[in-house]
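J.: no letters, just coordinates:
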């Protein structure tokens with residue numbers, strides 16, 4: 001969280017940074033923030049926390065096959081989260097691949113963990129947790145399926161790009 005605040009407070013890219021029309025990844029571009037390295041390094045380190053959470057969740061649910069698959073995909077998602085910081089948004093081809101792998105892996109892993117929780121009422125987790133998890137997985141699906149026309153204009157015609165005041169894709173991100 002501190003990396004987000006540090007990068008946000010030093011943002012000097014086009015216009016005022018707003019989650020209404022800027023991707024969070026833009027805080028990691030060197031041209032937009034002199035503190036981008038802090039943001040990117042924290043993304044890379046965030047992988048460790050995601051891995052710990054993933055393994056803890058897998059341990060909580062037990063040794064079932066679906067749990068193992070969810071944990072394996074969760075590891076891939078966590079590692080790709082780290083690569084999002086390694087390839088900042090100014091390296092769009094690599095950054096987009098890392099982000100797609102993260103969103104896809106996280107969506108599948110969360111969905112499988114929710115399914116496992118739903119099937120195993122002995123965990124003691126409230127059903128509300130499953131609804132939150134499924135909500136997050138559905139949002140990841142929406143991000144992946146959202147039309148990318150405006151994003152392509154931004155990536156390929158950055159100098160002439162007119163940023164919308166309200167851009168749904170960054171908000172969903």
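T.: That came in fine, so what should we check first? Quantities reported herein were computed from a predicted structural model and do not represent experimental measurements.
J.: C-alpha from now on. contacts and neighbour counts both.
T.: OK.
J.: tell me the helix or strand right after the top helix by length along the chain.
T.: In the chain, taking DSSP state H as the definition, the longest helix is helix 92-119. Per DSSP states H and E, the first helix or strand lying C-terminal to helix 92-119 is helix 127-145.
J.: tilt between that following helix and helix 92-119?
T.: Counting by axes from the mean of the first three to the mean of the last three Cα atoms, to 10 degrees, helix 127-145 lies at 150 degrees to helix 92-119.
J.: distance from the longest helix of the chain to the middle of the chain?
T.: 9 Å (Cα atoms, centre = their mean, to the nearest Å).
J.: so which elements touch it?
T.: In terms of contacts (3 or more Cα pairs under 8 Å, 6 or more residues apart in numbering; DSSP states H and E), helix 92-119 is packed against helix 65-86, helix 127-145.
J.: can I get these in JSON lines including mean neighbour count?
T.: Formatted as JSON lines, the helices and strands packed on helix 92-119 follow (neighbours: other Cα atoms under 10 Å):
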{"stretch": "helix 65-86", "mean neighbour count": "22"}
{"stretch": "helix 127-145", "mean neighbour count": "16"}
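J.: of those helices, which is nearest residue 22?
T.: Closest to residue 22 of the helices and strands packed on helix 92-119 is helix 127-145 (Cα to Cα; 14.3 Å).
J.: toward the C-terminus, what is the element adjacent to the closest one?
T.: Downstream of helix 127-145 (by DSSP H and E), the next one is helix 149-156.
J.: now do that next one against helix 92-119: the angle between them, please.
T.: 140 degrees.
J.: quick one: pLDDT of residue 3?
T.: On pLDDT, residue 3 comes in at 67.
J.: between the longest helix of the chain and helix 65-86, how many degrees?
T.: 150 degrees.
J.: what helices and strands are in contact with the least confident helix or strand in the chain by mean pLDDT?
T.: Among the helical and strand segments of the chain, the one scoring lowest on mean pLDDT, DSSP states H and E is helix 2-9, with a mean of 73. Helices and strands touching helix 2-9, as assessed by 3+ Cα pairs under 8 Å, 6+ apart, comprise helix 36-61.
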